[in-house]
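Asker: Model the following, please.
(chains A, B and C)
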Amino acid sequence: MKFSNVLVQWYLQNKRDLPWRQTSNPYKIWLSEIILQQTRVDQGMVYYFKFIEHFPTVFHLAKASEEEVLKLWQGLGYYSRARNLHFSAKYIVNELKGHFPSSYIQILKLKGVGDYTASAIASICYNEATAVVDGNVYRVLARYFGIATPINSTKGIKEFKLLAQKLLNPTISGTHNQAVMEFGARMCKPQNPDCEICPLNESCVALQKQIVKTLPVKEKKLTIKKRYFNYLVVQTPNNKTIIEKREKGIWINLYQFPLLESAHEIDVNQLITSEKFDKLFGKLNTSVKLFNQTMVVHKLSHQHIYTKFWIINIPNSAKFSLNWDEIKRFPVPILIDNFLNEYKSN
DNA sequence: TACACGTGGTC
DNA sequence: TGACCAAGTGT
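Answerer: Numbers count the residues shown, from 1 in each chain, chains lettered A, B, ... in the order given. Next comes the predicted model:
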């Protein structure tokens, strides 16, 4: 219990004053946990406030449209979190009469809630003795106990969950869990951890063996794919354009301009002779201009998207009926949002 | 199981 | 500056 006691004591003296730490309302804890998945506190905070304001209860969230939820989520990334959040809100309201599930097993049934989030909510809101294992916990445990098992291997996932569960102080599960995570985020950081002032530095295996920097171990690194996006930005004399809803892959259910994806960079001739271009404009009299002289590179975790925005000037047509001003009502990827801001100011 | 899924921060 | 990483989950 020494491990837990030291960390909890450190936590009580050093924890940040975060809005979701002032409540045990499961809806708010759930919302905060979904927002914080793979997301820094600083980045997620404004979204937490926005969501609480727009949707003070699960009933408000359930009543909203998916588009409204996605619009509010815009810019935060991993948009399936928003869609699953919305789906689960409707499930809680319609199937559970608005009663939030109150055990790890029941919470785990919510879409978008996995082992980590179910453990977090169950321990924080209901004091259930379930240990969380997130990136912070992997790092703290791997270093303190000198464990080199890859954290993204099946063996590692099991091993760390078991260890975390063994270390848990079941009488204060929620506080213990948050203590380990806060400690990982603020003291036992990925880079430049504060080992000199760490309250566990006398018993940390990694520090003694001088292998802090090598832990935790992660198996293999992923390859970055290159993709080439050509957006067809329609501009008519009466200031209309057209957008489409993405139906698969990245940014699903978000909006964008008609897209021609190509295997390599293409020029204007390849663009106007493409099937997509013909389907959209046929024999209409178009004039095509490249908006950005150098390609915009949008970097995602697994792919770099090289983007050209082609401005297509075209006569008025019923086919292109969306007012430019109305675009801002639609959820769009940051890549598109950035373009809109630049285009507007030109 | 391996991979897809966003955006922004850090060094 | 490229590489790594963030309170992970779904398929």
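Asker: C-alpha only now, for contacts and for neighbours.
Answerer: Fine.
Asker: what's the pLDDT at the residue nearest to A:Ser203 when sequence neighbours are not counted?
Answerer: Of all residues beyond its chain neighbours, the one nearest A:Ser203 is A:Tyr144 (7.4 Å), with distances taken as C-alpha to C-alpha, 6 or more residues apart in numbering. pLDDT for A:Tyr144: 96.
Asker: A:Glu202 is in contact with A:Tyr144, correct?
Answerer: No - look at A:Tyr144 against A:Glu202 with C-alpha atoms under 8 Å: they stay out of range, at 10.0 Å.
Asker: Please say which of those two ends up with more neighbours.
Answerer: A:Tyr144 (21 against 12; other C-alpha atoms under 10 Å).
Asker: Would you mind measuring from that one to A:Pro216?
Answerer: Distance from A:Tyr144 to A:Pro216, counting by C-alpha to C-alpha, to the nearest Å: 10 Å.
Asker: Equivalent analysis for A:Asn25, please.
Answerer: For A:Asn25, the distance to A:Pro216 - C-alpha to C-alpha - is 33 Å.
Asker: Who has more neighbours out of those two?
Answerer: A:Pro216 (24 against 16).
Asker: Need the pLDDT of the more buried one.
Answerer: pLDDT, A:Pro216: 94.
Asker: likewise A:Lys221?
Answerer: Residue-level pLDDT assigned to A:Lys221 equals 62.
Asker: helices or strands up against the host helix or strand of A:Gln9?
Answerer: Using DSSP states H and E, A:Gln9 falls within helix A:2-14. Counting contacts by 3 or more C-alpha pairs under 8 Å, 6 or more residues apart in numbering; DSSP states H and E, helix A:2-14 packs against helix A:173-186.
Asker: So what touches whatever helix or strand comes next after the helix it packs on?
Answerer: Beyond helix A:173-186 on the C-terminal side, the first helix or strand identified by DSSP H and E is helix A:205-209. Defining contact as C-alpha atoms under 8 Å, 6 or more residues apart in numbering, one finds that helix A:205-209 is touched by A:Arg143, A:Tyr144, A:Phe145, A:Gly146, A:Cys195, A:Asn201, A:Val212, A:Leu215.
Asker: 7 Å instead?
Answerer: A:Arg143, A:Tyr144, A:Phe145, A:Gly146, A:Asn201, A:Val212 (C-alpha atoms under 7 Å, 6 or more residues apart in numbering).
Asker: quick one: secondary structure of the first one?
Answerer: Of the three states, A:Arg143 takes helix according to DSSP: H, G, I helix; E, B strand; the rest coil.
Asker: Near it, how many other residues are there?
Answerer: A:Arg143: 25 neighbours (other C-alpha under 10 Å).
Asker: Please apply the same query to the fifth one.
Answerer: When neighbours are defined as other C-alpha under 10 Å, A:Asn201 has 15 of them.
Asker: give the contact list for it.
Answerer: A:Cys195, A:Leu207.
Asker: DNA strand C versus that one, what's the distance?
Answerer: Separation of A:Asn201 from DNA strand C (C-alpha to the nearest atom of the strand, to the nearest Å) stands at 20 Å.
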